[in-house]
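Undergrad: mind folding the following:
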Amino acid sequence: MNKRVMSAVMAAALTAGLFSVNTTAFADDNKYCYYFPAAHAYADESSKAAQEYADENGLDFKVFIGSDWEQETQDTNMRALVADGYTSILAYPSTDGAAGLFEELQEAAGANIITYGGVTTQETERFGCATDVEAAAYEACADVIEAIGGEGGVLDVLEQLNDTNTLKRQKGINQCIEDHPGAELVQEVAGINNVEEGVEKISAALAANADKIDGIVTTGNQASSAAVQVMNDYYDRNPDAKKIVLITIDTPNDVMEGIESGVVYGTIAQNVNAHVQVPLKILMMLNDGWTKREGTFFIDTGCVLVTKENVDSYQEDLDKVTERIFEEIPELYLEKN
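TA: Modelled structure (predicted):
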């Protein structure tokens, strides 16, 4: 694969060393919290990974999932959590407006906040630990264009446009289309808050442009599941239809089944374990007297394109990257006073 993001990840994996992630050298009586704005498949996966790591390290840990994506709701919830003593927080920003909240809680209440999965543009949190989503979206779109022979129409399926990650993914895909003169953006679908909305909007776009769409790229978990449903139904109703190349994101069961059946060409697997476990380790170290190295902020957790060829081995590649990042924390991101 001539994929920049994936090649970088694999190179890192080959040089990864072993590092124990389950080390607590001090009595940690701090209260830790995982915060996500609303119910979502990504929250299910990432909160489980965070809880497992917290349990391994004996942390006082709380998972809090909000009721909606409104910034006002996150403001209220996180202020209450800090007031209740949860001052070591993994947080996913509801909107870019969360930057002001994070700055307030850290300066006024002494909290340490690290964002996971998405970061604010103002970078007021201590660190941001996530996939380089703009680069990953660019590569996913480039994979689609390559798979359709370098030219043809692409349907871009996004989720919530108030999400900073979505805006970065939108930018990456638009840039990719611009960089490939043979490709054309047929339509952009956005404003997807759940699978049902995704099915409705993708179905409408496909019905209106089936003859123009050669490839589809989805950059959200729920949009990906919706696209799989739509394409399964489309091929059931049109068994002789031309093959449309679909590249999704994340690895829910329906997407992985789609890869096996051939409905999904591939999916971008994010390093979800690293999204939450690396921040937890850094929070533990901050509480143990380590301080942030000047000039550091974003920690790229990498991603891998999963196809039929590596469907059984991709997680091993991501785990090696996670091991490398843990090893690099005291070398690149923190220092002991």
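Undergrad: give me the neighbour count for the nearest residue to Asp250 once chain neighbours are set aside.
TA: Closest residue in space to Asp250, ignoring its immediate chain neighbours: Asn221 at 4.5 Å, by CB to CB, 6 or more residues apart in numbering. Yep, even glycine has a C-beta here, placed from its N, CA and C like the rest. Number of residues near Asn221 (other CB atoms under 10 Å) recorded here: 24.
Undergrad: return the residues in contact with Asn221.
TA: Asn221 makes contact with His40, Ala41, Tyr42, Ile249, Asp250, Pro252, according to CB atoms under 8 Å, 6 or more residues apart in numbering.
Undergrad: repeat for Thr87
TA: Contacts of Thr87 by CB under 8 Å, 6+ apart are Asn30, Lys31, Ala109, Gly110, Ala111, Asn112.
Undergrad: from the residues you listed, list the buried ones, please.
TA: Taking 16 or more other CB atoms under 10 Å as the criterion, what is buried in those is Asn30, Lys31, Ala111, Asn112.
Undergrad: I'd guessed the last one sits against Leu283; true?
TA: Okay, so that is Asn112. Yes - if you go by CB atoms under 8 Å, Asn112 and Leu283 touch, sitting 5.7 Å apart.
Undergrad: what residues do the two have in common as contacts?
TA: In terms of CB under 8 Å, 6+ apart, Asn112 and Leu283 are both contacted by the residues Ser88, Ile89.
Undergrad: how close does the most centrally placed residue in the chain sit to Val230?
TA: Centroid-nearest residue in the chain: Gly117, 4.5 Å away (criterion: CA atoms, centre = their mean). Here the criterion is CB to CB, to the nearest Å. By it, Gly117 lies 25 Å from Val230.
Undergrad: for the residue lying closest to Thr121 once chain neighbours are set aside, which three-state class applies?
TA: Of all residues not flanking Thr121 in the chain, Asp96 sits nearest, at 5.5 Å (CB to CB, 6+ apart). Asp96 carries the three-state label coil when classified by DSSP: H, G, I helix; E, B strand; the rest coil.
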